[in-house]
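Undergrad: A predicted structure for the sequence below; I have some questions about it.
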Amino acid sequence: MSKYGRVLVAMSGGIDSTVTAMMLHEEGYEVVGITMKTWDYASSGSSKKETGCCSLDSINDARQVAVDMGFHHFIIDIRDEFGDYVIDNFVDEYIAGRTPNPCVLCNTHIKWSALLKRADAMDCEFIATGHYALVKQEKERFFVSKSKDELKDQSYVLWGLSQECLKRSRFPLGPFNKTEVRKMALDFGYSELSKKSESYEICFVPDNDYRGFLKRRLPDLEGKVKGGSFVNEQGELIGTHDGYPFYTIGQRKLGQGFGKPMYVTEIKPESNTVVLGEVKDLMRNGMMVKQINSMKYDRIPDNMEVVSQVRYNDRGTLSRVRNVNDLLEVEFFANVRGVAPGQSAVFYEGDDVIGGGIIQSSLR
């Protein structure tokens, strides 16, 4: 038995999770590798060749490293668990006129749940992933903090993890940048792995075409929503569109010209209406956030100044937050562009995630 304990490592076959497993093994942990099959492309109706975390090649790559390093590796099929929750929510959110964030939902409700369940069954004290983030503890509270690599930092997608999940989670790549991780793969003797490319697609939308996915998932959808109205900020009809679910807040490519750059500023599903405006019309001075998960504190303090991040690649905006019943009211100190209901809002105190939630509405 290792003096460091037994750890279940989620291995996708990519460089980050593979180096994570190898690092922990070299440090003296008793590593058990697990690869989760969440989706297959045949189910999506896509003709694209299967690649990425759920492909056979990736599963074989993960297994081979386990064989080379001498630790156990298992494959588990969680397609039913994944599909019922994540994909149904993805479709339902677009039908409701919102923009979902399936990776956050998957982390929060599927992957960590599946990992903890299997960790308990295999007597593993800890679980580990290849996320670029850190887990810290102050007093009785566990919380996520930003990684060393600012460009790769993934703290934003981990805001929903519970205290029980965080208590048992390890993110070994947090103190390193991507260049250092690639060098580690090379030093371990995996030159091909060190050059392996990364996929930024949603795993069940293989061609990165969510509109096509919705049409395949709901074959009669296009016939029901096609021919809706484009209106301007004053409510005047300025064109027709292909159906409100096929548009997102901030979208500029609209399939037709209006004589000047126009953007989606609001979606009204009940009337199949998409509101268009100029860049200035995308600006918001606040938002209401629901489904709050408080990490660093038992409850996010009222009138606290935080940095609010409203999407993955957002640099964040200094804000003030206030609890209003079960919601969090956020006042931006500078207007923020393209606040989209359905996306995640994450709140930072320095590098630390104090909590997050789902954007319910924006405020002007």
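TA: It's in.
Undergrad: next, the buried residues of stretch 108-125.
TA: Of all the residues in stretch 108-125, those buried under the rule 16 or more other Cβ atoms under 10 Å are 108-116, 118-119, 124-125. Every residue, glycine included, has its C-beta placed from N, CA and C.
Undergrad: that should have said stretch 172-189, apologies.
TA: The neighbour-count criterion (16+ other Cβ under 10 Å) identifies 172-174, 176-178, 181-182, 184-185, 188 as the buried residues of stretch 172-189.
Undergrad: swap in stretch 239-246?
TA: If you call a residue buried by 16+ other Cβ under 10 Å, then stretch 239-246 has these buried ones: 239, 241-246.
Undergrad: which pair of the buried residues of stretch 172-189 spans the longest distance?
TA: Greatest spacing in the buried residues of stretch 172-189, by Cβ to Cβ: G174 and F188 (18.8 Å).
Undergrad: list the contacts of stretch 299-313.
TA: Stretch 299-313 is contacted by residues 156-157, 287, 292, 294, 315-323, 328, 330, 332, 336, 338-340, 343-349, 354-355, 359 when judged by Cβ atoms under 8 Å, 6 or more residues apart in numbering.
Undergrad: just give the number of residues close to L254.
TA: L254 has 18 neighbouring residues, counting by other Cβ atoms under 10 Å.
Undergrad: please enumerate the strands of the stretch 151-300 of the chain.
TA: Along the stretch 151-300 of the chain, counting by DSSP state E, counting those that start in this stretch, strands occupy 169-170, 228-231, 237-241, 263-268, 273-277, 283-294.
Undergrad: columns distance to V7 and mean pLDDT on top of those, output as CSV?
TA: Formatted as CSV, the strands of the stretch 151-300 of the chain follow (distance: least, Cβ to Cβ, whole Å; pLDDT from 0 to 100):
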stretch, distance to V7, mean pLDDT
strand 169-170, 7, 96
strand 228-231, 51, 96
strand 237-241, 50, 95
strand 263-268, 44, 97
strand 273-277, 48, 97
strand 283-294, 24, 97
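Undergrad: TSV please, covering those and showing distance to E198.
TA: Formatted as TSV, the strands of the stretch 151-300 of the chain follow (distance: least, Cβ to Cβ, whole Å):
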stretch	distance to E198
strand 169-170	21
strand 228-231	36
strand 237-241	34
strand 263-268	29
strand 273-277	33
strand 283-294	27
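Undergrad: which one of those strands lies closest to F71?
TA: The minimum distance between F71 and these falls on strand 169-170, with 15.3 Å, by Cβ to Cβ.
Undergrad: list the helices and strands that closest one packs on?
TA: Applying 3 or more Cβ pairs under 8 Å, 6 or more residues apart in numbering; DSSP states H and E, one finds that strand 169-170 makes contact with strand 126-128.
Undergrad: buried sites along the strand it packs on?
TA: Across strand 126-128, burial judged by 16+ other Cβ under 10 Å covers 126-128.
Undergrad: same check, this time on stretch 155-171
TA: Buried-residue list, stretch 155-171, by 16+ other Cβ under 10 Å: 155-161, 165-166, 168-171.
Undergrad: for the buried residues of stretch 108-125, work out which two are farthest apart.
TA: Greatest spacing in the buried residues of stretch 108-125, by Cβ to Cβ: H109 and E125 (22.5 Å).
Undergrad: got any ranges where the chain has weak pLDDT?
TA: For the chain, applying pLDDT under 70 flags the ranges 1-2, 40-55, 199-201.
Undergrad: how is it divided into domains?
TA: What automatic domain parsing lists as the domains of the chain is 6-130+172-194, 223-277, 283-363.
Undergrad: same list, these, but as TSV with distance to R141 please.
TA: Shown next, in TSV, are the domains of the chain (distance: least, Cβ to Cβ, whole Å):
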stretch	distance to R141
domain 6-130+172-194	18
domain 223-277	33
domain 283-363	6
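Undergrad: which residue sits closest to H25 in space, ignoring its chain neighbours?
TA: Leaving aside its sequence neighbours, H25 sits nearest to V31 (Cβ to Cβ, 6 or more residues apart in numbering; 4.6 Å).
Undergrad: the helix or strand where the one you found lies pairs with which strands?
TA: Element membership for V31, per DSSP states H and E: strand 30-37. As defined by DSSP bridges, the strand partners of strand 30-37 come to strand 6-10 (parallel), strand 72-77 (parallel).
Undergrad: now the element after the first one, going C-ward?
TA: Elements were assigned by DSSP H and E; along the chain past strand 6-10, the next helix or strand is helix 15-27.
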